[in-house]
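In: sequence first, then the predicted structure:
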Amino acid sequence: MNTGKPFNPTDLPLRDIHLPEPVSWWPPAPGWWILFAVIIIALAVSGWLYRRWRQRRILRELESQLDAIKNDYQQHHDSAKTVSQLSVLLRRACISLFPRKDVAGLTGERWLAFLDNISNSHDYSAGAGKLLLDAPYKPAEAIDEKQITPLFSLVGRTLQQAYRQGFIHNGQRA
């Protein structure tokens, strides 16, 4: 289409080149939202699994210490030492599983009442657990060895119940 006029580029109705807007970082693409959700879920699941692993490890440790005390008693038949060791084991377990301020200052009948509360019984204040009060201070021959076996089973049940209740009532220890 040559009209005979010379070509003048300024006569064309062209506009300047417009670049697209830069890509914004917000909001993220759907893939990033999915990745973020997967990371949050993975962190929550791994935290839950770690808590369960730690709880089981504590219970296994308590049970192994109780077994060591039983084995020591079967070898040496030292009733006073055994009752003292059971008392220490219960104290350490409760201080580890419950808030320290609720457990550390308990002595005598208040300690036995706390253990009764954990075991949902009166076996400490009115049963085999009564040995914990004075047996560690008596001579070994003054302690009836028939009371030691029920004390072992009572302490074992109490440790399991303390373990369960401690992690329910004391979330930061999980």
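Out: Good, I have the coordinates. Keep in mind that what you see is a predicted model, and the values were worked out from it rather than measured. Numbering: from 1, shown residues only.

In: I'd like the average pLDDT over stretch 34-48.
Out: Per-residue pLDDT values across stretch 34-48 average out to 97.

In: any residues touching it, and which ones?
Out: For stretch 34-48, contacts defined as Cβ atoms under 8 Å, 6 or more residues apart in numbering pick out Pro28. Just so you know, the C-beta spots here come from the backbone N, C-alpha and C atoms, and that holds for glycine as well.

In: where in this protein is pLDDT low?
Out: 1-3, 167-174 (pLDDT under 70).

In: where do the helices sit along the chain?
Out: 30-76, 79-97, 100-103, 108-119, 131-134, 148-169 (DSSP state H).

In: in a markdown table: these, plus distance to Leu14.
Out: Converted to a markdown table, the helices of the chain look like this (distance: least, Cβ to Cβ, whole Å):
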| stretch | distance to Leu14 |
| --- | --- |
| helix 30-76 | 38 |
| helix 79-97 | 80 |
| helix 100-103 | 81 |
| helix 108-119 | 87 |
| helix 131-134 | 98 |
| helix 148-169 | 75 |
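
In: and those helices: which comes nearest Asn8?
Out: helix 30-76 (50.3 Å; Cβ to Cβ).

In: just want the angle from the closest one to helix 79-97.
Out: 170 degrees (axes from the mean of the first three to the mean of the last three Cα atoms, to 10 degrees).

In: now helix 30-76 against helix 148-169, angle please.
Out: For helix 30-76 against helix 148-169, the angle by the same axes, to 10 degrees is 160 degrees.

In: can I get the helices of the chain in TSV with mean neighbour count and distance to Leu19?
Out: Output for those, formatted as TSV (neighbours: other Cβ atoms under 10 Å; distance: least, Cβ to Cβ, whole Å):
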stretch	mean neighbour count	distance to Leu19
helix 30-76	12	24
helix 79-97	20	65
helix 100-103	12	65
helix 108-119	17	72
helix 131-134	19	82
helix 148-169	18	60
